[in-house]
Structure formats: C-alpha cells, structure tokens
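Peer 1: got a structure for you, letters missing:
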C-alpha cells in the first residue's frame, strides 16, 4: 500500500496530510467513498435528481456469523432494489448521508470506476489472507528455533519465559536469521525504513530529501511531498556498509582539521566554523604533542581537560534534557553538530548523560531523565524474565539475543534450580556469558603464545581482545555468527547498563569509535612484541630508502650499502623470515612461505604483516560484530567517546579507589551497625587491604558482576550497605557473611576479631561463587 503524504512545517508545529491511492479493506464490504457533489450552475435542473438514502449501520464482521452476514447482504439488496423501483436514477452506491446531484453520464462513469475499485479491493483482501497464512506458517517455523514456555500471573501478565533448545541444527545458526523486531509492521518514508524508536517528527525530518540541514531558511513554512509505505517487519539485517566507518587518519598521521561533511548549521557562519577548527587544533596539540614539537625541542603542555567548557555542556544538556525534546526526538541542529565536531568540549559525565538521553530512543531517554529528577527512581520499563540453565549458558544467550536484543525491555535472568532473583542473577548471567565468548576452543581471538597457558580455558592477552587471523584470510560461518552475536550482546548490555567482563584492545575499540586501525602504530595495541619487531624492520626499510635517495653514491656503492643494512648487526636475509604472519600460517603476500624476506622486499613484508594483523579476516570479524551491535542501537552514538571511555562504558569501572576515606563516602551502615561500630570499621580496613584479584572476587560476590557499573560504588542503586547478620548459634565466628544482591546488602556477623573477619570474608568471596540460594 502506497500513501502520498504532504507535510507542512511551521513555527507552530508540523501538519501532515495523507492521501492513500489504495486502502486495504476488510473482507466484509464497507460503504464506498462519497461521490463528488456537482456545483456547476450551467447544468439544467431538469436533468438533476436529489436523493437522501437511509443510513444502514453495518455490524462488525467479528460479531456475526456466516448466515447472519448473508442475510444482512440480502436485506441491503432488497432495500436498494426498492429504491431503484422508486427512482430510475436512484443510486444504491451513493453516500449514505450526503445529497448528490449529477447527470446520468457522470453517474455511469463513476459507477464503472467504483466497480473496478471494488474488484481491486476483493483481490487485495484475498492477497491479505494469503499473506496472513504465510505469516502464520513462518511464525510456526520460527518456533522451531527454540521453544519458549511462558508463565503468566493471575492478571494475565507475562511473568517469565523458559527456554528449551532443540538439537536439530547447531545452536549458533539461529543468528543467521537475524534479530527479531517487536513490531509486526515497519514503515518506509521515501524508501527509507523508519526506526522503531523514532517519533513522527523525527521520521519526517530524517526522510526529507537532503535533510533539514540543507534546506533553505524557509524550510519550516514549506510543503514537502513524501511517499509512505508499510510492510511486514523484517529481522534486522546482518549487513553493514564499511562506508559508515570513518576511516580517518592513523596514529602516525595528523587527523583532519576540517569539519565533518555532515555539519551544515555551524558552517553557515564562517566565524563560528573557524572557532570550532581552532578547538580541533588545540585538541590535537593536547592529544598528539609529538606531532607539533617546536624547534627548541620542548613540547606543548596542554591537557585535554583544559578544553572542557562546562557552561557550554550545560547549555547542550538543557536543550536535550526536557520532556518535549525527548518525546519529539528532535534537537537543535547545532547541538548534534557540536557533539560531532568537538565532543571534548563536554566533560565525560556530560557526554554520558547526552548518550543516555539520545542513543536508545525517546522511551529510555525519558526514563533516564525521570531518574535524575526523582533522584534515582527511574520511570519503570517493561522487563522480560527468563529462566536459563547454567549448563546451556552460551546457547541460551544466542536465543535471548535473537528474540529480545532489539526490544526496549530489560532482561531479568533467573537460573534454573536456584531461588535467587533480581539484579544479582542478571549481572551474573552477563558476566558468565562474557566468559563464554572468550573460550580458547572457539578460535575467535588472538591469544598469548605462552606455553604455560596451553591448558587454560579462556583467552589471555595483555593488549586486549582482537580477532585472530585465519589461514585463508576468510571467516568461517560459525565465527561470523558468534561475532555478530557478541555485538548484539554487548550493545544490549550497554543499553541495560550491565557491566561485562570483556577487555577489548584499543585497536578493536577504534573500529567502534569510527577510526579503523591501519598503521604500524596500531599494531602495538594488538601485539606489542610483534610491534617491536616490525619497528626494527621498519628502521631498516627506511634506511634503504634513504640510501636509494642519496644521489652522491654511484650504483656499486649504493648496492653495497643496501646489502649491508640489517637489524642489530644481522642482515635481513639471515633472519630467515618468509611471507607468513608470525605465529600464524597466514600468507601476507607473494608466495607465502615459499618467498623469503630480503632487504629488497622488506617494506612489502612489513605492509603485509600490518594489513593481515589489523585487517583481513580480523576486519571481517569486526564488521560482523558491528552489524550485531548496530541492530540494537547505532555505533555512531559512540563517536563522542575515546577508546578508553568506550571500554569503561562496556565493562564498567574497575579502577575505583579503595582507601578507607574513599570507602567511607560510598559504604553505608544500617540495621544493627553504624559508622562508629568496631565491626564496621574493621570491615572498611579489610576492604582497603584487598589486592586486585580479591577486589574483583568481592565485587562479583557482592553484585553478581566482577566490575562495578560506570561511576563505581556511588552508582550502585540501592547504595552499598553493610547490615548486621543475625545468628542463632552460640559460635558467631563460625558463620560466613552473605549478600542480598537486589538490595546491595552485605550481611556481616559481628566477629570477635579483625583477623577472623578477614578469613571469613575471603572464604565467602572465593567459595561462594556461581550460585544464588537462600542464606
């Protein structure tokens, strides 16, 4: 069905007129559209007749059976026949409320048009029934992917969803079918799909040809014709265009000083555009000081924090943090363009607020806004409770993302056979599922080559996770699905504010912020040992170029000097290198292992190693990850963050200060304890003495996740509280502490000494993992 809509925007709002060229009708016949009324005064009155027909109220097709429907149609035919007998010009197809005047010729033409339209309507109804049958068949087929047992409460509301996976095909193939959308229909404006979280104003403005930024100053009083269509909602596509990635300069090059091509409003005033260009220059001075080293050898001392303008950031947030702005989803163009050009003007906290308001649509944006206004009491959002088996954690993760990744709903996970409910088991699920993606047997990531880690279950690399190269440079079908699943999983965790135990390399995070890695300097973020080796080889290649460019040497001298070039006194040919990627059987050029590296092809070898380390099969894995991520919310929302900030957004905070004075400000005492109780003071002292591993175990035991949310302890809601644990036995020192994860309560018995308290806490956080039961 195609609809032509004329939109007129003015200062008072947006008005939309819709004209349908074809309207879908129900199978039960409805009255035809009203006939046009003739207003010509030249028509002789003798040829005109006026007739007001009685209204026939049509019952709903759902409220009558087949016999009643046939009887109703027969009664209508009899009424119309009587009208024909009374008046030969009577028209049973006239509007039932309007007086119509026309001559016989016009009436005959209109009758023919209406009969043709009714024939088309009947065909359309038959087609709709066929599509509904196809949809039912498709839905029935989709249920074969995995069965969901639904439990409802007494009022008919969904309480929980149980998952049962069948073993007819590999579980990861469910990701090949895409991610289900909650809506049954999707709307297209000018052949562009309207995002489900767009408002009407957003949809119109985003789909006007050229965008609002390119329209003239009379855009808000102009009329624009748009074509609207709707179709059955499709699953989110697995495809993503590499053009959407901002392949800007690498670390070794100077990033562009020009404003992005998407900026239009700021460039209308050259003085304003120059101001933003100057800010970009200052940011480069603070970020890449070595590139602007003065002749005297000194470096510019400029901190990025010096560029933060909190007043400007507050003005940006005032434009965004309002109910009217979030409901419409449309903000002043200068707000978005300022964030795109110079996000560093805003502090990290201000950018985080802007991100929460704008990244996930108006419903979640309003939720975060009300949470700030009501001091943490956020607007309630729908929750989907699911039951998951720990033994099938990975398979259940794939099924949950396939079903709910694109839904604006929070996942609340309970484990089968455990009584624990609420935020604790949910955080535990996201943390344990994060571990599953890092299994060595999946062969997804580069791993440490240390021989003492061969028996480890999970990947380890100090630089962080980055896709591993493959022998043929291609990505397997399973690996592509797992990377896409991981992308949707990470995006859903960010949307639900669930910290993950995933540490990505900076090169991987560069893809997420729109800066694809491509240079030798980026290799350091993937494999520092390989980078050191390539750096030494690059110095030899640069030396060769310098000799070739020296015009003072003759051919024999030049050749002799080139052959003498080596690394640490060793000739390149004596290094026994070939054109394969170190530690992998991946060809990097020429004939692979059959081609030795010499001083003459050294630069080609270095370029090949850099490309296959950062790109090649690794790039295909990253693109699959970004495709899954973009199915939940666009990666363009992350361009305002640095790579370190994106890592914090994903994995939460794990660099919190644990000094006693810091803990006093975030840990509360209640229900049997106060801040002056000796047991509470001993508890804070013990926390301040924990090492990194013990701290991680404590946070896992306390919250269900090994990392704190963004903002650290102070972001826990409810706050971290220590309460007295009651006991019935006479030996209170034999008790272990316990936690209530949904309330962030740490239940601490009043031990007699600090040493006993420390020993019991370490025992609890070490042994009390992996299950939620009653304490």
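Peer 2: Looks like it arrived, so ask away. The structure presented is a predicted model; accordingly, all values stated were derived computationally and were not measured.

Peer 1: can you map out the strands along the stretch 401-550 of the chain?
Peer 2: Secondary structure of the stretch 401-550 of the chain (DSSP state E, counting those that start in this stretch): strands at 410-415.

Peer 1: does residue 307 really touch residue 344, like I thought?
Peer 2: Yes: between residue 307 and residue 344 there is a contact under Cβ atoms under 8 Å: 5.4 Å. Heads up, the C-betas are built off the backbone N, CA and C, glycines and all.

Peer 1: intersection of neighbour lists for these two?
Peer 2: 279, 283 (Cβ atoms under 8 Å, 6 or more residues apart in numbering).

Peer 1: host element of the residue nearest the centre of the chain?
Peer 2: With distances taken as Cα atoms, centre = their mean, residue 633 lies nearest the centre of the chain, 3.0 Å away. Following DSSP states H and E, there is no helix or strand that holds residue 633.

Peer 1: who are the packing partners of the strand or helix carrying residue 370?
Peer 2: Assigned by DSSP H and E, residue 370 belongs to helix 362-373. Applying 3 or more Cβ pairs under 8 Å, 6 or more residues apart in numbering; DSSP states H and E, one finds that helix 362-373 makes contact with helix 323-328, helix 348-358.

Peer 1: from the chain's centroid, how far away is the very next helix or strand once past the first one?
Peer 2: What that stands for is helix 323-328. Beyond helix 323-328 on the C-terminal side, the first helix or strand identified by DSSP H and E is helix 333-341. Averaging C-alpha positions (Cα atoms, centre = their mean, to the nearest Å) puts helix 333-341 20 Å from its chain's average.

Peer 1: ok, the residue nearest to the centre of the chain touching residue 495?
Peer 2: Yes: applying Cβ under 8 Å, one finds residue 633 in contact with residue 495, separated by 6.4 Å.

Peer 1: please enumerate the shared neighbours of the two.
Peer 2: What both residue 633 and residue 495 touch, as defined by Cβ under 8 Å, 6+ apart, is the set residue 360.

Peer 1: so residue 307 and residue 344 - more neighbours on which side?
Peer 2: residue 344 (21 against 17; other Cβ atoms under 10 Å).

Peer 1: do you know how far residue 312 is from residue 492?
Peer 2: Residue 312 is 33 Å from residue 492, where distance means Cβ to Cβ, to the nearest Å.

Peer 1: looking at the two, which is more packed in?
Peer 2: residue 492 (27 against 14).

Peer 1: now do the helix holding residue 370: distance to the chain's middle.
Peer 2: Worked out by Cα atoms, centre = their mean, helix 362-373 lies 18 Å from the chain centre.

Peer 1: how big is the angle separating that helix from strand 410-415?
Peer 2: If you take axes from the mean of the first three to the mean of the last three Cα atoms, to 10 degrees, helix 362-373 sits at 80 degrees to strand 410-415.

Peer 1: which helix or strand lies directly C-terminal to helix 362-373?
Peer 2: By DSSP H and E, the next helix or strand past helix 362-373 is strand 383-388.

Peer 1: angle of that following strand against strand 410-415?
Peer 2: 30 degrees.

Peer 1: what lines up beside strand 383-388 in the sheet?
Peer 2: Strand 383-388 pairs in its sheet with strand 158-164 (parallel), strand 410-415 (parallel), by DSSP bridges.

Peer 1: hey, least reliable of those by pLDDT?
Peer 2: Per-stretch mean pLDDT for the strands paired with strand 383-388 is lowest at strand 158-164 (a mean of 51).

Peer 1: spatially nearest residue to residue 599, not counting backbone neighbours?
Peer 2: residue 572 (4.6 Å; Cβ to Cβ, 6 or more residues apart in numbering).

Peer 1: correction: the previous question concerned residue 716.
Peer 2: Nearest to residue 716 is residue 744, by Cβ to Cβ, 6+ apart, at 5.2 Å.

Peer 1: wait, the one you found touches residue 722, no?
Peer 2: No: with contact defined as Cβ under 8 Å, residue 744 does not count as touching residue 722 (10.0 Å).

Peer 1: measure residue 231 to residue 613 for me?
Peer 2: Relative to residue 613, and taking Cβ to Cβ, residue 231 is found at 43 Å.

Peer 1: neighbour count: the two, which is higher?
Peer 2: Between residue 231 and residue 613, residue 613 has the larger neighbour count (other Cβ under 10 Å), namely 28 against 12.

Peer 1: quick one: residues contacting the more buried one.
Peer 2: 469, 523, 526, 527, 530, 581.

Peer 1: from residue 609, how far out is the closest residue to the second one other than its chain neighbours?
Peer 2: Spelled out, that is residue 523. Excluding its sequence neighbours, the residue lying closest to residue 523 (Cβ to Cβ, 6+ apart) is residue 531, at 4.4 Å. Distance from residue 531 to residue 609, counting by Cβ to Cβ: 10 Å.

Peer 1: before we move on, what about residue 397?
Peer 2: On the measure of Cβ to Cβ, residue 397 and residue 609 end up 35 Å apart.

Peer 1: one more: residue 122?
Peer 2: From residue 122 over to residue 609 (counting by Cβ to Cβ), the distance is 67 Å.

Peer 1: more neighbours: which of those two?
Peer 2: Legend: neighbour count by other Cβ under 10 Å for residue 122 and residue 609, higher for residue 609 (26 against 13).

Peer 1: let me know whether residue 575 touches residue 598 as I believe.
Peer 2: No: using Cβ under 8 Å, residue 575 is not in contact with residue 598; the gap is 9.8 Å.

Peer 1: neighbour count: the two, which is higher?
Peer 2: A side-by-side neighbour count of residue 575 and residue 598, using other Cβ under 10 Å, places residue 575 first with 17 against 14.

Peer 1: wait, what's in contact with residue 562?
Peer 2: 544, 547, 548, 599, 600.

Peer 1: list the contacts for the last one?
Peer 2: Same thing as residue 600. Applying Cβ under 8 Å, 6+ apart, the residues contacting residue 600 are residue 562.

Peer 1: which SS state does it fall under?
Peer 2: Three-state assignment for residue 600 (DSSP: H, G, I helix; E, B strand; the rest coil): coil.

Peer 1: could you check how far it is from residue 541?
Peer 2: On the measure of Cβ to Cβ, residue 600 and residue 541 end up 10 Å apart.

Peer 1: ok so, going back, for the residue nearest to residue 523, the count of nearby residues, please.
Peer 2: 20.

Peer 1: same check on residue 527?
Peer 2: Neighbours of residue 527 (other Cβ under 10 Å): 23.

Peer 1: so how far does stretch 498-510 reach from one end to the other?
Peer 2: 22 Å (Cα to Cα, to the nearest Å).

Peer 1: contacts for that stretch next, please.
Peer 2: By Cβ under 8 Å, 6+ apart, the list of residues contacting stretch 498-510 reads 426-427, 430-431, 434-435, 437-438, 461, 463-467, 490, 493, 516-517, 522-523, 525-526, 614, 622, 643-644, 646-647, 650-653, 705-710.

Peer 1: mind listing what's buried in that stretch?
Peer 2: Within stretch 498-510, the residues that qualify as buried are 498-510, counting by 16 or more other Cβ atoms under 10 Å.
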